[in-house]
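Peer 1: sequence first, predicted model second:
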Amino acid sequence: MSGPDVNLILRSTRVVTPEGTRPAAVAVAGGTIDAVLPYDTGTPVGARLEDFGDDVLLPGLVDTHVHVNDPGRTEWEGFYTATRAAAAGGITTLLDMPLNSLPPTTTVEHLRIKQQVAAPKAHVDTGFWGGAVPSNVKDLRPLYEAGVFGFKCFLSPSGVEEFPELDQEQLARSMAEIAGFGGLLIVHAEDPHHLAEAPQRSGPAYADFLASRPRDAENTAIEGLIAHAKRLNARVHVLHLSSGDALPLIAAAKREGVRVTVESCPHFLTLTAEEVPDGATEFKCCPPIREAANQDALWAGLADGTIDCIVSDHSPCTTDLKTPDFASAWGGISSLQLGLPAIWTEARRRGHSLDEVARWMSAAPAALAGLTRKGAIEAGRDADFAVLAPDATFTVDPAELFHRNQVTAYAGKTLHGVVRSSWLRGVRIASEGVLAEAAGRLLQRDR
């Protein structure tokens, strides 16, 4: 039975719960899921009923890898535009990366600046990662106490001067400090020595760019990261895995009890090197989109649990930075609004279910960040939802996207899965492409 304060009932013949998809009525009270009830449960007096028919009610997506770039590079993106794109795409919670904003989130003072900028603009609930750079070991604990969800580092150049990479000694030092207070280190794992030894050719040929970021760079970096984590009993997370070759190493580490988790991204799981036209640098990202056979290995890693979650790594820039030269163009894929339909299109083709998609894109990212009120349709969680028409299709028109610079590798693709509406703590924040006023809150790590 639902409680006396229920003010909203959301009903669908297909509600994705931790126990599976079933017809249900979800009772909401004060922005929290009060109960998941039988489909034909009556609506309490004074409560509003929203009936979605056969559209699927999913838990709101949680995207733990978003570059909002605000403040400092707001011509690239910003909290207003990024969170609107998130809401339109069924994402109700995101975590902002500590770069490419100016200043980067490497001190408590810098975190406060970012929070002040984000607070009035957020359309979805928004939290923050801190950064681990060579000069800020002393700042890591204060940042953690100030509420960041963990710390990001690079093992190779980040692409921006203000966020330098860690060498192996610095990595060990930062990891030991973070492990000392029970924090999480999330890592861009590409080995700089392998990158330096790879052929570097400028020009529009995607094959040349792919050769400049070999799988060995990822594999070696991940091997070293696992060794450090094992020695220090540290909790680490591999960002944006693109190399299927690293999966046996990661699986073995998990079996040994090493505390390592892994994400991949829609572009690695839905796009292939074979389809990237020369000069089409909207497809450029680091690590790169690899071959179709490698993509098959990534999907197998998702299916067997070696890869834990799927997040966007939304990393936009201004149009002029996407020059036709793969060597000099900015590397980043803009996909915040499109991740759910892109993944669902490929997942259904490969025989996966929306239950699995919800686990990969909502439950697992929420668990990674310790967001205990997010990630599932069950009593006690925030009433965050995405309503999806899974069989409907649309063709991606960049002009209809809400992120600031309407450049995307998905332009012209026909995708399955139309997000009908998104709900944040029981409030409809997006409906058929129309966005409500900003309703997001700033999140801090659960303590």
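Peer 2: Structure received.

Peer 1: is there a neighbour count for the closest residue to R425 other than its chain neighbours? I'd like the number.
Peer 2: Nearest residue to R425, sequence neighbours excluded (Cβ to Cβ, 6 or more residues apart in numbering): G31, at 3.4 Å. Any C-beta I mention is one placed from the backbone N, CA and C, and that applies to glycine too. For G31, the count of nearby residues is 16 (other Cβ atoms under 10 Å).

Peer 1: can you map out the helices along the stretch 251-400 of the chain?
Peer 2: 266-270, 292-303, 339-349, 354-358, 364-369 (DSSP state H, counting those that start in this stretch).

Peer 1: quick one: which of these is nearest H240?
Peer 2: Closest to H240 of these is helix 266-270 (Cβ to Cβ; 7.3 Å).

Peer 1: just the helices of the stretch 251-400 of the chain: most buried one?
Peer 2: For the helices of the stretch 251-400 of the chain, the largest average neighbour count (mean count of other Cβ atoms under 10 Å) is found in helix 266-270, namely a mean of 25.

Peer 1: ok, back up a step: surely the residue nearest to R425 and V427 touch.
Peer 2: Yes - at 7.5 Å, G31 counts as touching V427 under the criterion of Cβ atoms under 8 Å.

Peer 1: re the thing from before, and of the helices of the stretch 251-400 of the chain, who's closest to T64?
Peer 2: helix 364-369 (4.5 Å).

Peer 1: which strands and helices sit next to that closest one?
Peer 2: In terms of contacts (3 or more Cβ pairs under 8 Å, 6 or more residues apart in numbering; DSSP states H and E), helix 364-369 is packed against strand 61-66, strand 260-264, strand 309-310.

Peer 1: how many residues are close by P23?
Peer 2: By other Cβ under 10 Å, 13 other residues sit near P23.

Peer 1: which residues are in contact with it?
Peer 2: S12, T13, R14, V15, P38, Y39 (Cβ atoms under 8 Å, 6 or more residues apart in numbering).

Peer 1: do the same with H237
Peer 2: G150, L184, L185, I186, V187, V260, T261, V262, E263, L368.

Peer 1: can you check D313 too?
Peer 2: So D313 contacts H65, V66, H67, L239, H240, C265, H267, C285, G332, I333 (Cβ under 8 Å, 6+ apart).

Peer 1: any chance of a markdown table for those residues, columns distance to P104 and pLDDT?
Peer 2: Formatted as a markdown table, the contacts of D313 follow (distance: Cβ to Cβ, whole Å; pLDDT from 0 to 100):
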| residue | distance to P104 | pLDDT |
| --- | --- | --- |
| H65 | 16 | 98 |
| V66 | 15 | 98 |
| H67 | 11 | 98 |
| L239 | 16 | 98 |
| H240 | 18 | 98 |
| C265 | 22 | 98 |
| H267 | 24 | 98 |
| C285 | 20 | 97 |
| G332 | 16 | 95 |
| I333 | 21 | 95 |
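
Peer 1: ok, and the most crowded of those residues?
Peer 2: With neighbours defined as other Cβ under 10 Å, the most crowded of the contacts of D313 is C265; it has 29 neighbours.

Peer 1: for the closest residue to that one other than its chain neighbours, phi and psi?
Peer 2: Using Cβ to Cβ, 6+ apart and skipping the chain neighbours, the partner closest in space to C265 is D313 (4.7 Å). When read as degrees, to the nearest 10, the backbone of D313 gives phi 50, psi 50.

Peer 1: state the pLDDT value of D313.
Peer 2: On the pLDDT scale, D313 is placed at 98.
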